[in-house]
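Asks: Show me the folded form of this:
(one chain, ligands or ions: 3)
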Amino acid sequence: MATSGKVIRCRAAVAWAVGKPLSVEEVEVAPPKAGEVRIKIVAAGICRTDDHIMEGAFPNMDYPVIPGHEGAGIVESVGEGVTSVKPGDRVIPLCVPKCGECIFCLNPEANYCLKSHFVEPQNLMPDKTSRFTCKGKQIHHFLWISTFAEYTVTPECAVTKIDSAAPLDKVCLLGCGFSTGYGAAINTAKVKPGSTCAVFGLGGVGLSVVMGCKAAGASRIIAIDVNKDKFAKAKELGATDCINPQDFKKPIQEVVTEMTGHGVDYSFEVIGRVDTMTAALASCNMNTGVFVMVGELPAGEVVSVDPKLLLTGRTWKGSLLGGWKIKDCIPKLVSSYLEKKFNSDLLITHTLPIDKVNEGFELLRAGKSIRTVLLF
Ligand code: CND
Ligand code: ZN
Ligand code: ZN
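Replies: Ligands and ions are numbered 1, 2, ... in the order given. Now for the predicted structure:
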């Protein structure tokens, strides 16, 4: 391509400091170095995790930074030695990479590679430099993929090729929200047919958990949110009961336990709060109940629990990116999307140009959107 090997000037949403709205700027994006890929991002979804950056709640974050970890695009150019993608390929950047060599990449049961952010911060490329500059300043990467940029650079291990027929403005959700929620039910909880589930939080990720529980054959799916405007969509996607904790005097875990006799088989927290994590844990049955934590607590916050809750047999699990081995699984999920095995389009409530990125975050905070897709 004509731009190959050159610096590209383009738009990106930059978080200059904690507590400031994003600012859409012209940035310079350097060509990919060896082992790296430069991607023209076509569409990016807004996930709550990006909001944590602006709040200063995301662990190990350096500023200024370009957020965004859900997106889809087309490879513009590749650095030396890159073999798995070539210019023109449609791709999804991966917020959990696959180095392919670490003990967890080699373990079929694990998906969190040792090159991932919580192990080794990904604010810079693996060679500890950045490909982004703006107004003469170095701008940091986020999770190695920074999808809120018209062009971004990722290591090859953080990008995967998808079917060229995939509509990028739709399958961008498979980069995080949909895959995270759907996989939490299918891979992490391993929901069984005929079982009962409770899902706390009905945002883009929580509603994807509802879809996963339904696809796995759950007979009862209790959807819980303080925003009753989320209930219609939850029912459409498979929830059998929708409840608002604010409508009850007693704690919501008691309500769920009474509704089901002894608590659900599987509970999920998809909000990122201490109180709802404890409530979700206590909502699954004391013997075989499985609680899956998907929501992310602000950096430094801790949950304290009565160990008796676990002593009787409950299991507390965490799930990142739905437990998928993401480099291999995303292309398969895209194929399933194209075969209409699930309809993640139902999660997209708004589409905005990148210049209106802050409007997208306001819609999310106000509980008016599920997923907003930003278009470049
Ligand atoms: P979003 O903000 O869209 O959804 C959260 C939902 O929770 C909203 O519908 C709220 O109304 C609801 N809610 C808020 N407070 C309460 C409460 N006290 N009781 C009941 N419901 C409440 O967020 P999202 O769906 O984009 O993300 C959800 C969480 O998942 C968030 O913590 C995000 O950081 C995390 C996440 C995890 C992962 C992963 O890999 N584990 C990946 N991406 C995002
Ligand atoms: Zn690895
Ligand atoms: Zn996310």
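Asks: Please make it C-alpha for all contacts and neighbour counts, starting now.
Replies: Fine.
Asks: separation between M1 and G323?
Replies: Note on M1: its distance to G323, by C-alpha to C-alpha, to the nearest Å, is 36 Å.
Asks: try T276
Replies: Relative to G323, and taking C-alpha to C-alpha, T276 is found at 22 Å.
Asks: neighbour count winner among those two?
Replies: More crowded of T276 and G323, by other C-alpha atoms under 10 Å: G323, with 24 against 19.
Asks: got a list of what the more buried one touches?
Replies: 110-112, 180, 183-184, 187-188 (C-alpha atoms under 8 Å, 6 or more residues apart in numbering).
Asks: got it, and T196?
Replies: T196 makes contacts with 218-222, 260, 264-266, as judged by C-alpha under 8 Å, 6+ apart.
Asks: let's go with 6 Å and repeat that
Replies: Contacts for T196 (C-alpha atoms under 6 Å, 6 or more residues apart in numbering) come out as 218-220, 264-265.
Asks: Dig out what it forms beta bridges with.
Replies: Judged by DSSP bridges, the bridge partners of T196 are R220.
Asks: Also A149?
Replies: Applying DSSP bridges to A149 gives these bridge partners: A12.
Asks: next one: the one 5 residues further on
Replies: According to DSSP bridges, the partner residues bridging T154 are V37.
Asks: How many residues are close by it?
Replies: Other residues close to T154 by other C-alpha under 10 Å number 28.
Asks: what about it, distance to F132?
Replies: Distance from T154 to F132, by C-alpha to C-alpha: 11 Å.
Asks: Next: G313.
Replies: Distance, G313 to F132, using C-alpha to C-alpha: 49 Å.
Asks: These two: which has the busier surroundings?
Replies: The neighbour count for G313 versus F132, taken as other C-alpha under 10 Å, is higher for F132 (27 against 14).
Asks: contacting residues around that one?
Replies: 28-29, 139.
Asks: Report the spatially nearest residue to F178, omitting neighbours in sequence.
Replies: S208 (5.2 Å; C-alpha to C-alpha, 6 or more residues apart in numbering).
Asks: Would it be right to say that that neighbour lies in a helix?
Replies: Yes - S208 forms part of a helix when assessed by DSSP: H, G, I helix; E, B strand; the rest coil.
Asks: With adjacent residues omitted, what lies nearest to M277?
Replies: Using C-alpha to C-alpha, 6+ apart and skipping the chain neighbours, the partner closest in space to M277 is E269 (5.8 Å).
Asks: Could you count how many residues lie near that neighbour?
Replies: For E269, using other C-alpha under 10 Å, the count is 28.
Asks: thought it was touching M293?
Replies: Yes - counting by C-alpha atoms under 6 Å, E269 touches M293, with 5.1 Å between them.
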